[in-house]
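**Q** Here you go, sequence then predicted model.
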Amino acid sequence: MRAVILSGGKATRLRPLTCNTSKVMIPVLNRPFLQHLVWYLKRHNIVDITLATGKIPDEVESYFGDGSRFDATIEYSTESVPLGTAGAVKNAERFLDRPFVVFNGDVFTDIDLTAMMDVHQRRGAIATLALTPVDDPTAYGVVETDDEGRVTRFLEKPSRDEVTSNLINAGIYILRPDILNYIPPNAFVMFERDVFPSVLEAGETMCAYPSDDYWTDIGTPERYLRLNHDLLGRDIGPRGLKFEGRHDIHPSAQVEGPVLIGKGCRVASNCTIEGPTVLGQGCQIREGAVIQSSLLWQDCEIGRGARLRDSILASSCYVGGESLLDSCVLGDNVRIGSGNQLPQGAKIWPGKSIPRGTISF
Ligand code: GDD
Ligand code: MG
């Protein structure tokens, strides 16, 4: 089976992290998100992958290339203008002559794709949709089903009073190729708003594959941070420490897991690193700094006595001594001078520089 990974959106909700980095490349446990997706697909014996995207981001092409480094085949299907989730799949029609999987490129899950493929084959529906329960379905596509697991209604981003079920579209579909007949070529078409409702209208059978397995959409900084936290606890244990290579941690530094420390990191004396935390490759943490539940991309520098909590720093950020960040999100190359206390939840755009001692909340 082939998988089409949709990765063409603008990822606006993940800004400033995605100002310079495409959503599929943002690091999860120090690996591009897409690599986790490729591993997942491989665990379910899917190695033929089409990445449906706008322009191929340079960093994607140089990291993944034709996929051979990951024992997979990656082909690229590009759009000169965004064609929507279904338009993008139609655009990749040349790769699709057998049943195939469509995967939203921002979904991380343990849903049992192999079992889902079995259900799809057994029931022979035109589409089988993975469903997952969420607390607030209004940000997703709500899917109603009957007692036999057939989809009866698909409602994208319902208002609160339209919500009839907490089961939502998990962004994973197994499709029969004839669904492509419902998608006009070279047009902006969405599965969620256009194709699924009209397929149901036409009386075709769509099946549901509900699952309680781990599922998240990394579409916002909060969910992206939570995914890293969840995976840390799971992959290296609730108190575990993992070092990815040469590192220099001063004996007086306190490191409480789960913490993942990238290659070449330096943690100076009297620092506290409290998990779940990830330090990307080459981070420098100066004397007495405190980092709690945070995620640092590569080459960040945290000054003496600075404190970070629940924050995400993209690559090459600098936080000066004694500065305080709580639930902040910094784009690449942000410079926070020393002695600043950023407002809780601040988002700072790439390259911005805040002089020392100018912000205090
Ligand atoms: N190639 C291409 N072209 N990909 C696109 C386009 C496009 O024009 N538009 C969106 N995508 C990709 C995005 O990159 C993302 O991986 C996926 O399609 C879904 O788009 P999002 O923008 O993330 O949608 P959403 O999260 O609001 O809602 C979707 O996902 C939910 C689950 O996370 C819908 O499918 C909902 O029904 C679903 O519940
Ligand atoms: Mg999404």
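**A** Everything's here; your move. Note that the structure is predicted; figures quoted are calculated from it, not measured. Numbering: from 1, shown residues only. Ligands and ions are numbered 1, 2, ... in the order given.

**Q** Now for Ser323: which residues touch it?
**A** Gly303, Ala306, Arg307, Ile336, Gly337, Ser338, Gly339, Asn340, Gln341, Leu342 (CB atoms under 8 Å, 6 or more residues apart in numbering). From N, CA and C alone the C-beta is placed, and that goes for glycine too.

**Q** Near ligand 1, which residues of the stretch 51-200 of the chain are found?
**A** Residues of the stretch 51-200 of the chain lying close to ligand 1 by CB under 6 Å from any ligand atom are 52-53, 79, 82-85, 88, 104-107, 140-141, 156, 168-169, 171, 192.

**Q** Just those: which are in helices?
**A** Mapping these onto helices (DSSP state H) picks out Gly84, Thr85, Ala88.

**Q** ok, so of those, who is nearest ligand 1?
**A** Checking these against ligand 1 with CB to the nearest ligand atom, the nearest one is Ala88 at 3.3 Å.

**Q** Identify the residues contacting the closest one.
**A** Ala88 is in contact with Val4, Leu6, Gly8, Ala52, Thr53, Ser77, Glu79, Pro82, counting by CB under 8 Å, 6+ apart.

**Q** Glu93 reaches Asn181, doesn't it?
**A** No: counting by CB atoms under 8 Å, Glu93 stays clear of Asn181, with 10.4 Å between them.

**Q** okay, how far is it across stretch 159-167, tip to tip?
**A** 15 Å (CA to CA, to the nearest Å).

**Q** follow-up on the earlier one: return only those of the residues of the stretch 51-200 of the chain next to ligand 1 found close to ligand 2.
**A** Residues of these in contact with ligand 2 (CB under 5 Å from the ion): Asp106.

**Q** give me every residue that touches Gly339.
**A** Gly320, Gly321, Glu322, Ser323, Arg356, Gly357.

**Q** where does it land on pLDDT?
**A** With respect to pLDDT, Gly339 scores 94.

**Q** How many neighbouring residues does the closest residue to it other than its chain neighbours have?
**A** Computed as CB to CB, 6 or more residues apart in numbering, the closest residue to Gly339 that is not its neighbour in sequence is Gly357, at 4.1 Å. By the criterion of other CB atoms under 10 Å, Gly357 has 14 neighbours.

**Q** Gly357 touches Ile336, doesn't it?
**A** No: between Gly357 and Ile336 there is no contact under CB under 8 Å: 10.7 Å.

**Q** circling back to that earlier point, ok, the contacts of Gly339 vs His36, which is closest?
**A** Ser323 (31.8 Å; CB to CB).

**Q** what's the closest one sitting at in phi/psi?
**A** Reported as degrees, to the nearest 10, the phi and psi values for Ser323 are phi -80, psi 150.

**Q** how about the residues of the stretch 151-300 of the chain near ligand 2?
**A** Taking CB under 5 Å from the ion as the test, the list of the stretch 151-300 of the chain residues beside ligand 2 reads Asp217, Gly219.
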